[in-house]
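K.L.:
Just the structure for this:
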Amino acid sequence: MNYPHVLYRATQNHKHPLIFATISGAHLYGFPSPDSDYDLRGCHVLPVEELIGLDAPVETIESSSIDDGIELDLVTHDAKKFFLMMMQKNGYVLEQLYSPLIIASTKEHDELKEIAKKCITRNHSHHYLGFALTQWRLFSKEEKPRVKPLLYVYRVLLTGINLMQTGLIEANLVSLNEKFKLSYIPELIEQKLCGVEKQQIKEADLGFHESEYQRLRAWLEEEFERSKLPETQNAKDDLDDLLRRVRTGKLTPNEVSHKGA
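P.N.:
As a prediction, the model looks like this:
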């Protein structure tokens, strides 16, 4: 798939070697507005010389820019920090890792995705319950409720339910709704796709959406209780081994299209 060339340029100009860089945010979730920015997320490898001095290394690199009229938000973490986050109940980093919208990749990226299967636990449900609560509070307190936070509510709850049922990370709401078939989701997505980033709900029915939020939240809690996923991660040794190798070796790029849009 082709993406704007500025995304590839951002990864090519990164100051450190990248294990991977993928598109996250609304583009990954399946409901970007025409004016949505691109959220580029990834994992880089700091050189050993930046780790052995007295000063603490800068583990996270963040930048925001507008290039050729495209707004880009880039955040990457050093491999050690990223691997440690993977070992926690952090669904966000797993969504970045498994995003199919790939801008830069390596053989180590493929290996990391295999290792990450050992990081997925039933306790990731707490990540999605917490994220949904935050987005619901944001949505319900707005004087003029917007589509975006409501879509985030549904996206994270369905991602969590699907994860508890299958052990698979799926962050795209369109794909998720092919399974769950919630009749109101396509209309909400259409409003977001055809509107702007701050598109407001048409004839918002807060009572209905609150009922759905509570129903899906309870469903996720039930799936947590019945889930066969492990209680804790079992990836530390594999991640430690990979970290040592990427620190001392050379990353092997995968073939990724750099044609751009």
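K.L.:
use CA for all of it now, contacts and neighbours both
P.N.:
Fine.
K.L.:
Report how many residues lie close to Lys15.
P.N.:
For Lys15, the count of nearby residues is 12 (other Cα atoms under 10 Å).
K.L.:
Same check on Gly207?
P.N.:
Per other Cα under 10 Å, the neighbour tally for Gly207 reads 9.
K.L.:
helix, strand or coil for it?
P.N.:
Three-state call for Gly207 (DSSP: H, G, I helix; E, B strand; the rest coil): helix.
K.L.:
got a list of what Ser105 touches?
P.N.:
For Ser105, the contact set (Cα atoms under 8 Å, 6 or more residues apart in numbering) comprises 18-21, 253-256.
K.L.:
Which PyMOL command selects the buried ones in those?
P.N.:
The command below creates a PyMOL selection of those among the contacts of Ser105 that count as buried (16 or more other Cα atoms under 10 Å):
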select buried, resi 18+19+20+21+253
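K.L.:
which one among the contacts of Ser105 gets closest to Arg155?
P.N.:
Distances from Arg155 to the contacts of Ser105, taken as Cα to Cα, are shortest for Ala21 (21.9 Å).
K.L.:
right, and the closest one touches Ile102 too?
P.N.:
Yes: using Cα atoms under 8 Å, Ala21 is in contact with Ile102, at 6.3 Å.
K.L.:
Overlap of the contact sets of these two?
P.N.:
Joint contacts of Ala21 and Ile102 (Cα under 8 Å, 6+ apart) do not exist.
K.L.:
So for stretch 54-73, what gets flagged as buried?
P.N.:
59, 61, 70-73.
K.L.:
which pair in those spans the largest distance?
P.N.:
Greatest spacing in those, by Cα to Cα: Glu59 and Ile70 (26.0 Å).
K.L.:
mind listing the strands for the stretch 1-150 of the chain?
P.N.:
With DSSP state E, counting those that start in this stretch as the criterion, the stretch 1-150 of the chain has strands at 18-24, 38-44, 60-67, 70-78, 102-105.
K.L.:
Any figure for the gap between Leu94 and Gly42?
P.N.:
For Leu94, the distance to Gly42 (Cα to Cα, to the nearest Å) stands at 11 Å.
K.L.:
for the residue lying closest to Ser65 once chain neighbours are set aside, which residues make a bridge with it?
P.N.:
Closest residue to Ser65 apart from its sequence neighbours, by Cα to Cα, 6 or more residues apart in numbering: Leu72 at 5.3 Å. Applying DSSP bridges to Leu72 yields these beta-bridge partners: Tyr38, Ser65.
K.L.:
Just the pLDDT at Met1, thanks.
P.N.:
We have a pLDDT of 68 for Met1.
K.L.:
try Glu142
P.N.:
Glu142 carries a pLDDT score of 89 in this model.
K.L.:
What are the phi and psi values at it?
P.N.:
Main-chain torsions, Glu142, degrees, to the nearest 10: phi -70, psi 140.
K.L.:
mind giving me the domain ranges of this protein?
P.N.:
5-119+233-248, 124-226 (automatic domain parsing).
K.L.:
and the first one, average pLDDT?
P.N.:
Within the predicted structure, the mean pLDDT of domain 5-119+233-248 is 96.
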